[in-house]
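Asks: pasting the structure only:
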């Protein structure tokens, strides 16, 4: 049914009457949806007294057109004997027509009967839907009394003068869908206008031949059957109301074999009629349905094929269970959250064909089950005091949380089922060992037993030879003596002993044991397991556990985290791959033998020993180990690893390590972290490419044999000697990056050995005491990056080879920050070393001015704009590129004595893009003519007074805290910076916020001005 309209009483009556009418209308509509499954045969609603209709004032508004809800007008108009169709919520039967100004009720008593069978047969043959335009009359029903769908309404008698049709504008997507059903005649009008025209014509003419606007959609019976197979019953009812073909398609027995009325309102007569119509129903769900017991008993004669029945939330008496005998094929009965019987008598379930019975969360005094074929019985969480079973074929019995059952009642019920295979009596606190022994003697095939939360069970002298799954969680009586009875179950596969507080040890040798769980055992101290198929062991929160012995051929992962007392571990697990022993603080050095070759774990790949603070010496020799973590092992002083396949090692926090040997290992990278006490290191790794030794402050002896090593960082290795550096250079010829920052013991001999490193391109000698760089210039001609930051003993003559002898011709980056080099040497470097792209002069106290001219060492560059008379422009550009310098970045941050920076156009800094003069507090004058400069930072230059810029590509200018800079000077400086976008004049007191408009007029490209003086 279409859910379009809604009835509202707006005249005469009070609010309460309108609510009651709406509720009755809602109930009637739901009755219709279920009744539609019957077609038009045999549907009756009980008579209901309605108030007499009062004077009506109707305004009918056409709905948004829904082709799925439209159907044949003849179906709606056909009735028998002139009896009105019941009141069903007019929005459903009118397909969404909104009726306003109603205060009336309509008689709900009615009947659908068979119409002309020949006419129905003819409609079935025509498998095409006909959809008429809004306001169109059918050929059979035309005139003033016609409804908007072309047939006289059988529900209400409405005078002609009170009906007004108002075509409603549909949403765009719905109109487009409607228009797509009409042929395009190629006219000039838009599809939307054509649609409104069609609707308007239909309204004005009062009738139209349906063939003119008929829409043909071919849906064969097979296709409809396939589509409807994906719908629920309520959707099937709504689809069946659209047309005759869909009604018959939706009534197919395949869709009504399973009646699911869970939490649905349904009347007695309607339910009986549905069951009468579909007598092949095999599954019925009435959970949460009011008076479900009465519904079943009234329709029981039509449910002879029923196999599955679900009930719940109601009262079920003895008569209901007796009536089930009328369903001979019933195999499954589920009752949930219901009250059984009258509360003073026994409830008997007697059915010869029942296979599965579930009575859960129900209230009853006594329950008797007499089902000769019953195999599964569940009484979980049912409050009964006694239960009687006569089920010789019962295989599974569930008494979970039946707190009112006595020990004797459970014993009698279980022993009455000799074929029992599965028994759940968890949370039955009264169960004793005597009951278990009786069950073990009577039920020899019992394979699954759950006796969790039974405090009176000790499981002593209980012999269950066929037991496969045993659950004894939170059983306070379980002790180490109970293991003898458990060991008798040789077929046992799964064992759970969580929260057994008195259990002290477990020693089991079971050939089929696969899973065992031992969680939160406060007194548990010893674990001994032997099983060839053991694959899962869960041990957690056993604070007293100190010894573990496991023998298994199937175990692949072992996790024993936070076992603070564990000190002894014995493993014979040939397929063990992963072991996690994190936070096992009592483990000793003997653990290394377990994981070395010959220790019982030949396939071990990953070993985690984090925070094992008792380990002092770790020696591992394993051909299979690939990952090792020793993070937080603060007591470890010696590490020896001989693991040729080791790929990853973690030594974070091993700050007491004094000696380490990695010979051989398969590592590709090694980071020793901060090991301030490490003095001896030996590394033999054929695949390693990155080695970081920073933080090994006392490392004096290092033997590095890594033929594929590319990067070596030995920062702060203050005691690293020349002989160690020489050995590394000879054994690692492929090194490209070498960091020896703060290696104070490296001298001329060590630097001379760098001639073996033919691929060395980066050398960091910062924070060293070097004064002679000739070994570097002679040994590393291919060097590209040289860092000499904070080398206090360097003099001007130390760099003579760079700008006078042409040393290091490939050098592109030079860092002389915080060095003692003088003004003359800096001038010569910038003038002669034209290949430098990045120069760092941060903190150079001897730098007083930076004035770049055109004179090079021994030669004079040709000016950029100089062009011989007979030279072409192309040749002129070539000369400019050849004579220009390659400098791109110049950093002079924090130079306290620099006062002047001048870079004229003749200096030929064609590639200079960034200059940083931040924190140069004595800088007074800056004059730059740089065609490609993008960023200029003059922040905190508090003495800056003169600023001249001719930088057409400058984008970012930082003048933070330039307290002496005048606004006129700034305006003049940025006038030639046509690309400037960002200007920072924050904390510049002489630049008034009111002058920002002038700045934007001088430099229109400005997008952002940062200032603290914005008004």
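Replies: Received, thanks. Source: prediction; values computed, not measured.
Asks: List the residues that contact residue 841.
Replies: For residue 841, the contacting residues are 816-817, 826, 847, 890-892, 895, by C-beta atoms under 8 Å, 6 or more residues apart in numbering. The way it works is simple: take the backbone N, C-alpha and C, and place the C-beta from them, glycine included.
Asks: repeat for residue 885
Replies: 834, 836, 907-912.
Asks: and residue 652, how far is that from residue 672?
Replies: For residue 652, the distance to residue 672 (C-beta to C-beta, to the nearest Å) stands at 10 Å.
Asks: about what we covered before: save the contacts of residue 885 as a markdown table, and put in distance to residue 940 and pLDDT too.
Replies: Below are these laid out as a markdown table (distance: C-beta to C-beta, whole Å; pLDDT from 0 to 100):
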| residue | distance to residue 940 | pLDDT |
| --- | --- | --- |
| 834 | 31 | 88 |
| 836 | 26 | 93 |
| 907 | 26 | 86 |
| 908 | 30 | 86 |
| 909 | 24 | 88 |
| 910 | 29 | 89 |
| 911 | 27 | 92 |
| 912 | 22 | 94 |
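Asks: Residue 652 and residue 672 - which one has more neighbours?
Replies: residue 672 (23 against 15; other C-beta atoms under 10 Å).
Asks: The more buried one contacts residue 662, doesn't it?
Replies: No: using C-beta atoms under 8 Å, residue 672 is not in contact with residue 662; the gap is 9.8 Å.
Asks: Helices of the stretch 601-750 of the chain, start to end?
Replies: Secondary structure of the stretch 601-750 of the chain (DSSP state H, counting those that start in this stretch): helices at 722-731, 748-752.
Asks: Redo those as JSON lines? Include mean neighbour count, distance to residue 526 and mean pLDDT.
Replies: Output for the helices of the stretch 601-750 of the chain, formatted as JSON lines (neighbours: other C-beta atoms under 10 Å; distance: least, C-beta to C-beta, whole Å; pLDDT from 0 to 100):
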{"stretch": "helix 722-731", "mean neighbour count": "19", "distance to residue 526": "50", "mean pLDDT": "93"}
{"stretch": "helix 748-752", "mean neighbour count": "19", "distance to residue 526": "58", "mean pLDDT": "92"}
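Asks: Could I get the full set of helices for the stretch 201-350 of the chain?
Replies: With DSSP H, counting those that start in this stretch as the criterion, the stretch 201-350 of the chain has helices spanning 210-213, 221-228, 233-240, 244-250, 268-277, 292-299, 318-323.
Asks: could you dump those to TSV with mean neighbour count and distance to residue 989?
Replies: Converted to TSV, the helices of the stretch 201-350 of the chain look like this (neighbours: other C-beta atoms under 10 Å; distance: least, C-beta to C-beta, whole Å):
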stretch	mean neighbour count	distance to residue 989
helix 210-213	14	82
helix 221-228	14	80
helix 233-240	20	77
helix 244-250	22	85
helix 268-277	19	89
helix 292-299	20	87
helix 318-323	16	95
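Asks: The ones you listed: which one's closest to residue 636?
Replies: Relative to residue 636, the nearest member of the helices of the stretch 201-350 of the chain by C-beta to C-beta is helix 233-240, separated by 69.2 Å.
Asks: Packing partners of that closest one?
Replies: Packing partners of helix 233-240 (3 or more C-beta pairs under 8 Å, 6 or more residues apart in numbering; DSSP states H and E): helix 15-35, helix 244-250.
Asks: one step back: a markdown table for the helices of the stretch 201-350 of the chain, including mean pLDDT?
Replies: Shown next, in a markdown table, are the helices of the stretch 201-350 of the chain (pLDDT from 0 to 100):
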| stretch | mean pLDDT |
| --- | --- |
| helix 210-213 | 43 |
| helix 221-228 | 89 |
| helix 233-240 | 86 |
| helix 244-250 | 88 |
| helix 268-277 | 90 |
| helix 292-299 | 92 |
| helix 318-323 | 92 |
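Asks: Can you pull the domain assignment for this protein?
Replies: As given by the TED database, the domain ranges for the chain are 362-794, 848-853+885-1014.
Asks: Would you work out how far apart the start and end of the first one are?
Replies: This points to domain 362-794. 93 Å (C-alpha to C-alpha, to the nearest Å).
Asks: hmm, back to that, lowest average confidence across the helices and strands packed on helix 233-240, which one?
Replies: Ranked by mean pLDDT, these bottom out at helix 15-35, with a mean of 53.
Asks: where along the stretch 501-650 of the chain do the strands fall?
Replies: Applying DSSP state E, counting those that start in this stretch to the stretch 501-650 of the chain gives strands spanning 505-509, 515-519, 526-530, 536-540, 547-552, 557-559, 568-573, 578-580, 606-608, 617-621, 627-629, 638-643, 648-650.
Asks: quick one: strands adjacent to the last one?
Replies: Strands that pair with strand 648-650, judged by DSSP bridges, come out as strand 627-629 (parallel).
Asks: what comes into contact with the partner strand?
Replies: 605-610, 620, 641, 643, 646-650.
Asks: cool, stretch 476-484 as well?
Replies: 455-460, 472, 497, 500-508.
Asks: Show me which positions of it end up buried.
Replies: For stretch 476-484, burial by neighbour count (16 or more other C-beta atoms under 10 Å) applies to 476-480, 482-483.
Asks: do stretch 802-811 as well
Replies: For stretch 802-811, the neighbour count (16+ other C-beta under 10 Å) marks 802-803, 807-808, 811 as buried.
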